[in-house]
Every structure is written in C-alpha cells, then in structure tokens.
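[1] after the sequence you'll find the predicted model.
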Amino acid sequence: MTSTLERPARAAASAPAGERTPRRLGFGRRRSAWDLKLSPYLYISPFFILFAITGLFPIAYTAVISFMDWDLVRGSGEFIGFDQYAWVLSQPKFWIALRNTFSIFLLSSVPQLILAIFIAAMLDQNIRAKTFWRMSVLVPYVMAPVAVALIFSNMFGDQYGVVNTTLQNLGLPAVPWHSDAFASHIAIATMVNFRWTGYNTLILLAAMQAIPREYYEAATVDGAGKIRQFFSITLPSLKPTLVFVIITATIGGLQIFDEPRMYDQYGTGGADNQWLTVTLWLYNVGWGEWNFGRAAALAWILFLLILAIGAINLFITRSLVRDEGGRGDARSRREIRAQARAAKAQVRRDATASPIRSTTPRSKEGRS
C-alpha cells in the first residue's frame, strides 16, 4: 500500500521543475479544431465561388475585350491598346450622357433620401395598422421597372399626359416633358423616387427601431420635443445606415437604365440626347452598333467612375462611421490589432515565467 501511494510522488519528482508533460491530442479533438477553423470558410464559399464565375470572370473578360477591335462573328479581336478608351472620351455623346446621368442622379437621390427619412420617422411612431403601412411603402419596389416606366411615361406625355392635362385645367402652361432636357430629367427622377423610396424607408426604419427607447424617455423627461429628439437622437444614430444608403444610391443612380430606356417608344435617349445616360449609350453602342470593344471600354470607364465617387463618399463619411460605429473608440484598426498582439505576447510570457508547482500526495498513516 505504501509503494502504491509513493508512485505519483516519484513521477512528479522525476519531471523537471517548471515543465509540463506534453499531452497527446486524439484524432477526434484535432478534427474538432479543424472543423472550428475551416467550417466558416466552407459556409461562405458558395457565394464567393458563384461571384467568381458570374462576376469576376465577366469583369476580367470585358477588360480584355476593351483593348481589342472585337469581331463578334469570329469571336476574336485585334489588340489596339487604349484606342477604344480614347475614342469614347473624344465623343461629345459621352459628355452629354455623363451630364444627364449626374443630373438625374442628383434629382433622384437627394429628394429620395429626405423623403425616406421622413416616412421612416412617421412609421416609427405609435400609429395604428403599422404592418399595413410598412408593407404598403414596399409595393412600388415590388412592381416591375418596365411597368413603372410605362405608367409614368404616359403620365408625363407632352399632349395627352395626366400631368399636362391637369396643369392646363388649372390654367398653367404645359411642360415639354420630352423635348426639354431638364423636364425629362425631372420625370425620370420621379420614376426612380417612386420605385426606390420605400426600399430605403424600410432600411432606415429598421435602424430607427434599433435605437434604445431609453434615450427618448430621458429626452422627454428633460423637456425635449419631437423635433429636438429627431435631430439630437435619431439622426446621429442613423449615421452608419445613412452612409450605406448613400453609397448604394450612388451606385444605382449612376447605373440607371430602365427608366430612360422606357421613357419613349424608341429608347435611344431622345432626338437630341435629352435624357441619354451612360448605360443607355453603352447599350446602344454594344447592341445597336455591334461594337463590343467600345462598349466594353465605356463599361470600364463607368466602373472606374463609380469606384472613384464611392471612394469620395467613403472618405467624406469616414469620420461619421468611426464616431458612431466605433462606440467612442478613436483608435484605428492597426492600433487595436497591435495592442491585441501585445496582450497575447504578455500572457504567453507570464505563463512561461510562472513555475508549475508539483504536488505530492500525502502518505496515509496508520495503515500497513
């Protein structure tokens, strides 16, 4: 009995001080560790695989075609360098289309954002039939873009449109919706606002409902009214969501195609290019003139333009995102990662420096 009790003491005394006996990990535990590390990448891999096939490959293929004089019949082309880009930039139509695109974008995005914030603030109040009104604002987004464009193009008709008929009944002059460039931009921007305001409203409404209600209760106790609460609590809390909405509206506004395409029966942007946009001209060059090399160059110019404007928006709103999303932490990501690495290294040093105390089991007395 005495020898049995002394075996742990001898084993503990044989091991050097400050060292642990390494423990072997079984295959099941290793498999669990691999599953913990690799399973997140496997779960998200289908999206990236599909994106590489349907997104990255067409982008790269379009970049190759943009440097060639592409022959659609033979499916091959002759390398000509940046001649296609030079041709696009030298065309007056490109600058007219770029002007129209920015005009429609500003006329649609700014009122759309203001109206979406206002409607979301109304839906965030304690009103009756909340679900009905919230579902109703999404109905225009569910409608087909072609149907919306056809309805509004008839409403903004020059002679028999609903808008001009109403204006003439009120004694006001009719508006040349199709012949005047600015009037056509307003009509197309109205279509865009009708379709996308509800979508942005629901996004902003979700962000408003995530704001803690204790803020509003404290503001009410302090005597702040609804307007003061909106500008002091609601808008500052919506900064990250507003950044997302602005960036997505910028990308969609610069790629507008359906509304100007269906604004008249020809779909070419007007007799004098009144509402010709970049994407509409890209379609006319590619499928109207069958010149895929120039269309690819125009597509890449539009892509770089959207990328530059998106970077400008991100640079302008970076301080807003850091203040709200960082929850008061003004440190950069690099500083946070450096401090985390330093903390892990300090933990490892402390674990190595601290000796492991070997415990010897006490011998039992009084037993033979």
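    Perfect, I can see it now. Numbers count the residues shown, from 1 in each chain.
[2] where do the strands sit along this structure?
    Using DSSP state E, the strands of the chain run over residues 68-71, 76-79.
[3] same list, the ones you listed, but as a markdown table with mean pLDDT please.
    Formatted as a markdown table, the strands of the chain follow (pLDDT from 0 to 100):
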| stretch | mean pLDDT |
| --- | --- |
| strand 68-71 | 81 |
| strand 76-79 | 80 |
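[4] what's the most buried one of the ones you listed?
    Scoring the strands of the chain by mean neighbour count under mean count of other C-beta atoms under 10 Å gives strand 68-71 as the most buried, with a mean of 17. C-betas here are computed from N, CA, C, even on glycine.
[5] can you tell me the strand partners of that one and which way each runs?
    Based on DSSP bridges, the strands next to strand 68-71 in the sheet, each with its direction, are strand 76-79 (antiparallel).
[6] quick one: closest of the strands of the chain to residue 214.
    Across the strands of the chain, the minimum distance to residue 214, taken as C-beta to C-beta, is reached by strand 68-71, at 61.9 Å.
[7] and residue 281, what is it in contact with?
    Under the criterion of C-beta atoms under 8 Å, 6 or more residues apart in numbering, the neighbours of residue 281 are 93-94, 97, 269, 298.
[8] and it, how far from residue 181?
    Residue 281 sits 15 Å away from residue 181 when distances are taken as C-beta to C-beta, to the nearest Å.
[9] residue 194 now?
    Residue 194 sits 21 Å away from residue 181 when distances are taken as C-beta to C-beta.
[10] one more: residue 38?
    57 Å.
[11] neighbour-wise, which of the two wins?
    Neighbours were counted for residue 38 and for residue 181 using other C-beta atoms under 10 Å; residue 181 has more, 17 against 10.
[12] the more buried one against residue 271, yeah?
    No - with contact taken as C-beta atoms under 8 Å, residue 181 and residue 271 are classed as non-touching, separated by 11.3 Å.
[13] contacts only, for the nearest residue to residue 199 once chain neighbours are set aside.
    Counting by C-beta to C-beta, 6 or more residues apart in numbering, residue 141 is the residue found nearest to residue 199 once chain neighbours are left out, at 4.6 Å. Applying C-beta under 8 Å, 6+ apart, we find residue 141 in contact with 195-196, 198-199.
[14] tell me the one of those nearest residue 352?
    residue 199 (56.3 Å).
[15] next, the buried residues of stretch 121-134.
    Of the residues in stretch 121-134, those buried under the neighbour-count criterion (16 or more other C-beta atoms under 10 Å) are 121, 123-124, 134.
[16] give the closest residue to residue 196 in space, chain neighbours not counted.
    Per C-beta to C-beta, 6+ apart, closest to residue 196 is residue 112, 6.0 Å.
[17] any idea how far residue 294 is from residue 66?
    Between residue 66 and residue 294 the computed distance is 8 Å (C-beta to C-beta).
[18] just residue 72 next, same as before
    12 Å.
[19] between the two, which one's more packed in?
    Set side by side, residue 72 and residue 294 give different neighbour counts by other C-beta under 10 Å, the larger being at residue 294 (22 against 12).
[20] before I go, just wanted to say thanks for your time.
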